[in-house]
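In: Sequence and predicted structure are below.
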Amino acid sequence: MSPEQSDQPDLPTPPDQASKASERPESKASPPTVWSWLVVNTLGFAIAIALLVLLGFQFSGRELFLAGLVISAIVGAVQAIVLRQKMLRLRIWQWVLVSILGSYLGVFLGLVATFLLSTFGLLILVLIPFAELFVGTLLGTMVGVCVGFGQVLVLARQVRGLRWWWVANVLGRSLGWLSAQLLWQLVKAETVIMVPPNSIQDLPIVLLCGAVGGLVYGGVTARALPLLTARQPAITNSQK
């Protein structure tokens, strides 16, 4: 080999290989994103539920729809801010909108299911211990189904792995709601759903219940974050 050949610089990496290499680290959620996701869901649910208590919401009947509006607006906004670290094309207003609409639809379906069960299966509900926990978990499940589906629609063009994201939303909402109610029963010997706090003195307990529910939801959905892999962009135009 001649000296001229040995002194030749290394050939540059082809653009397509460089782009693929740069995309690999972004295909999975980095630890900061996961930790941020846990923090914003814990604080978001706690602050939203505490705000509802300060505003005098009853967590029953029609006010469940207004509660869904407040919770979805606050939690949806902070969720979208964190997810933009992973998906730059995510639009915050779309994420918040589908969270609110999904919450409305989920509460409606949950109330309808509760009505049907109480009308045609009253004996079954009576035989279930802690029937209020069952109803609350059912509402959480329906909200998770509808909100998760809306989020899947928003993310469909950007990432893969949305099936597991939807499943995680359903499980996270139902388990989060259940854990918050169980904690309330342990502390206050009462139920969360249909029973508002008696005084402002209950606010610390409400904050704790909201934080626990948000942490459980965030922990379950955080397991699905690394499964959201970016879709490969079309490179036909760049090659021409």
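Out: Sure, I can see it. Numbers count the residues shown, from 1 in each chain.
In: now the helices for this structure?
Out: In the chain, the segments counted as helices under DSSP state H are 3-6, 15-23, 31-54, 63-83, 92-120, 122-127, 131-155, 162-188, 203-222, 236-239.
In: any chance of those in TSV, plus mean pLDDT and mean neighbour count?
Out: Using the backbone N, CA and C atoms, a C-beta is placed for each residue, glycine as well. Shown next, in TSV, are the helices of the chain (pLDDT from 0 to 100; neighbours: other C-beta atoms under 10 Å):
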stretch	mean pLDDT	mean neighbour count
helix 3-6	47	7
helix 15-23	45	11
helix 31-54	89	19
helix 63-83	89	20
helix 92-120	89	17
helix 122-127	56	10
helix 131-155	90	22
helix 162-188	91	20
helix 203-222	92	21
helix 236-239	44	8
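In: Can you lay out those helices as JSON lines showing distance to residue 229?
Out: Formatted as JSON lines, these follow (distance: least, C-beta to C-beta, whole Å):
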{"stretch": "helix 3-6", "distance to residue 229": "42"}
{"stretch": "helix 15-23", "distance to residue 229": "10"}
{"stretch": "helix 31-54", "distance to residue 229": "14"}
{"stretch": "helix 63-83", "distance to residue 229": "14"}
{"stretch": "helix 92-120", "distance to residue 229": "19"}
{"stretch": "helix 122-127", "distance to residue 229": "42"}
{"stretch": "helix 131-155", "distance to residue 229": "11"}
{"stretch": "helix 162-188", "distance to residue 229": "10"}
{"stretch": "helix 203-222", "distance to residue 229": "16"}
{"stretch": "helix 236-239", "distance to residue 229": "21"}
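In: Residue 222 versus the closest residue to residue 154 other than its chain neighbours, what's the distance?
Out: Distance criterion C-beta to C-beta, 6 or more residues apart in numbering; nearest residue to residue 154, sequence neighbours excluded, is residue 94 at 5.1 Å. According to C-beta to C-beta, to the nearest Å, residue 94 and residue 222 sit 21 Å apart.
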